[in-house]
Each structure stands twice: as structure tokens, then as C-alpha cells.
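> sharing a model prediction with you, sequence too.
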Amino acid sequence: MQWIIKYLTSSIGKKQIMGCSGAFLALFILVHMCGNLQLLNFDQSAAQASYNAYTEFLTSFNPLHFPVKLIYLMELGMVAAFGLHIGLGVLLKLENKKARGAVGYEVNARKGNKSFATFTMIWTGLIILGFGIQHLANLKFGAHYLYQNAAGEIVRDMWLTTIDMFANPVWTVFYLVAMLVIGIHLFHAISSAFQTLGLAHQKWTPVIEVIGIAYSIVIAIGFAVEAAFSCYIAHQPETEALRAKSHELQQQLEQKKAAPEAKTSFVVPSVGIISTNV
Ligand code: HEM
């Protein structure tokens with residue numbers, strides 16, 4: 001037990017936990033960016049259908065019928081990873097600052113070798129935290145629209161919530177700047193995590209550095225394109241018309257959801273049982 005405490009309170013232990021939690025978050029944002037590619041569709045109603053099907057799948061996925069949906073476990077893991085990553089990052093920064101006080105000259109002299117990304121890690125990290133709070137407040141806990149899919153089910157219209165936010169150019173510009181910051185953070189984070197986890201190698205380290213750079217560019221550009229495209233789609237006449245009548249449509253869907261029409265079944269000899277709404 002004592003070795004765990006020793007490990008968790010050591011500088012290398014904290015850095016390794018930061019590396020693991022950071023790797024988990026970096027994988028999550030790659031999957032998230034790929035899933036959001038469904039926003040990139042000039043056919044507004046097809047984008048709405050596929051994006052809503054995707055978010056509905058994510059939120060209801062539970063193939064083994066666990067008492068708890070998988071999304072909740074994933075969210076718990078993410079909160080833990082974010083908490084550890086940010087908490088330990090701030091702690092290490094404060095410890096470093098304290099150590100610098102004692103041997104100020106020696107530690108400051110090393111600053112010259114640091115890249116811009118390394119030097120700004122704590123600040124880019126804190127900006128990402130601010131972005132994350134805005135992101136969840138506006139999308140996850142933001143305007144709640146309903147949508148009736150092709151199967152007649154009424155689900156959350158995550159597409160409309162997303163497009164609604166990007167219709168505001170201020171949020172779009174905020175996202176573009178935030179993606180630049182995320183790119184800068186990841187730029188250094190990936191190769192640094194490999195080093196901290198002891199995976200440095202004369203031959204492979206330069207390759208890992210290139211992969212890290214490519215990864216951060218793909219993530220930042222991928223999300224930035226999704227944000228800019230969503231802003232463009234939000235201002236197309238069909239989307240504006242849909243948003244204009246969304247209030248009325250929402251009332252209808254809410255009524256429908258509250259009082260689903262009774263279903264009746266009848267038999268067509270050559271086809272079998274057919275269900276219909278009456
Ligand atoms: C164009 C950029 C982005 C778009 C359009 C977007 C879209 C969304 C949407 C629609 C949700 C809500 C999903 C749901 O509740 O069903 C969401 C959740 C989330 N997003 Fe993003 N996102 C973007 C960028 C990012 C970035 C850069 C990060 C990370 C730094 C991020 C992290 C998250 C997290 C942690 C959640 C909560 C997931 C959950 O609780 O299930 N997103 N995003």
C-alpha cells in the first residue's frame with residue numbers, strides 16, 4: 001500500500017498518470033472528431049437524420065443490457081480522466097514553481113530549449129477546460145429539441161442543437177480559436193506522454209514526434225472544418241426555414257411524445273402482420 005502512496009506522490013508517478021489520462025482523452029477526441037464528420041453534408045435533412053441516429057446510438061448503446069448504460073460509464077471515465085489530468089497538471093506546475101524558487105537560475109536556464117507548445121502547456125490546458133465547460137453547457141445541456149426519425153421514434157435533435165449554436169458566428173470563431181489551442185496542446189503532449197511513460201527510443205522517438213504533430217493537425221483541422229461548415233449550413237435558406245418553424249414543430253413533437261398514438265395491427269395475407277398508427 002505504501003508503495004502506491006509513494007508512487008502517486010512522486011513526480012514521475014504524477015507525470016505517468018497525466019500521460020495515461022491524456023492518452024485516453026486524446027483517443028476520445030479522435031473518435032469524437034470522426035463521429036462529427038457526419039455534420040459535413042450539404043443535404044441538410046440527410047445530415048440531420050444521420051447525426052441524430054449517431055448521437056442516439058451513442059446515448060442508448062447497451063448491447064448486454066447492463067443496468068447502467070455504457071455512455072454513463074464512459075462519462076464517468078472521462079470525468080475521472082479530465083479531473084486527474086487537470087488536477088495533476090496544476091499540481092506539477094505549482095511544484096515546479098516552488099522548485100524553481102530554490103534553484104531558480106538552473107531551471108530557468110533550461111527554458112531556452114523549450115518549444116512554445118511546452119512552455120504554454122498549463123495555459124493551453126486551462127483554456128481547453130474553459131472550452132469544455134462552454135461546450136457541455138451549450139450542447140450536452142443546451143437547447144433540447146426533438147426529432148422524429150424514419151422509424152417514427154421521437155429522439156433528441158442533437159443536430160439542431162449543434163447547428164443552432166454554430167449559427168452564432170461568435171461561437172464559431174470561439175471554436176476556431178479553441179481548436180488552434182487544442183492543436184498546440186496536443187502538438188507537444190503526444191511525444192511528451194511517450195517519453196514520460198518510458199517509451200523513448202533513439203530510432204522511434206523522431207517517428208513518434210512526427211505522428212504526434214500529424215495527429216494534432218488532423219484533430220484541430222477536423223474540428224475546425226466541422227465548426228465552420230456547421231456555421232455555413234446554419235445560414236442556408238432550408239436550415240433557416242427549419243429553424244424558424246422549429247418552435248411550432250417542437251410543440252407538435254412534444255405532444256406526440258407525451259401522448260403516443262395507439263398502435264393497431266392487422267394482417268395482410270401475403271405480407272404478414274403490419275403495425276400502424278391510428
Ligand atoms: C466542431 C467541434 C465539436 C462539435 C460539433 C461537438 C459536438 C458535440 C455534441 C453534439 C455533444 C453532445 C453529445 C450528446 O450528448 O449526445 C458533444 C459532447 C462532448 N464533447 Fe464535443 N464537439 C466538438 C468538439 C469537441 C472537442 C474539441 C472536445 C474535447 C476537447 C469535445 C469534448 C466533448 C465531451 C467531453 C463531450 C461529452 C460527451 C458525453 O458526455 O457523452 N468536443 N460534443
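Looks like it arrived, so ask away. Numbers count the residues shown, from 1 in each chain.

> so Leu139 sits against Thr161, correct?
Yes: counting by CB atoms under 8 Å, Thr161 is a contact partner of Leu139 at 6.0 Å. For every residue, glycine as well, the C-beta is placed using N, CA and C.

> more neighbours, these two?
Between Leu139 and Thr161, counted using other CB atoms under 10 Å, Thr161 has the larger neighbour count: 18 against 15.

> name the element the more buried one belongs to?
Here Thr161 sits within helix 158-166, counting by DSSP states H and E.

> what about Met165, how many residues nearby?
Met165 has 22 neighbouring residues, counting by other CB under 10 Å.

> report pLDDT for it.
pLDDT recorded at Met165 is 96.

> can you pull the contacts of it?
Applying CB atoms under 8 Å, 6 or more residues apart in numbering to Met165 gives the contacts Asn138, Leu139, Gly142, Trp171.

> what number of residues lie near the first one?
It refers to Asn138. Counted with other CB under 10 Å, the neighbours of Asn138 add up to 17.

> wait, it sits on Phe174?
No: contact criterion CB under 8 Å: Asn138 and Phe174 do not qualify, at 10.0 Å.

> please list the residues of the stretch 1-150 of the chain that sit near the ligand.
Within the stretch 1-150 of the chain, the positions near the ligand by CB under 6 Å from any ligand atom are 29, 32, 36, 55, 58-59, 71, 75, 78, 128, 132, 135-136, 139-140.

> recalculate using a threshold of 5 Å.
For the stretch 1-150 of the chain, the residues in contact with the ligand (CB under 5 Å from any ligand atom) are Ile29, Asn36, Thr55, Glu75, Leu139, Lys140.

> which ones among those are found in helices?
Those of these mapping onto helices are Ile29, Thr55, Glu75, per DSSP state H.

> contacting residues for the residue nearest to the first one when sequence neighbours are not counted?
Nearest residue to Ile29 in three dimensions, chain neighbours excluded: Ile219, at 5.9 Å (CB to CB, 6 or more residues apart in numbering). Contacts here follow CB under 8 Å, 6+ apart; on that basis Ile219 touches Ala26, Ile29, Leu30, Met33, Met179, Ile182, Gly183, Leu186.

> distance of the fifth one relative to Val173?
In other words, Met179. Applying CB to CB, to the nearest Å, the value for Met179 to Val173 is 11 Å.

> then the first one?
Counting by CB to CB, the separation of Ala26 from Val173 is 25 Å.

> who has more neighbours, the two?
Neighbour count, other CB under 10 Å: between Ala26 and Val173, Ala26 has more, with 19 against 13.
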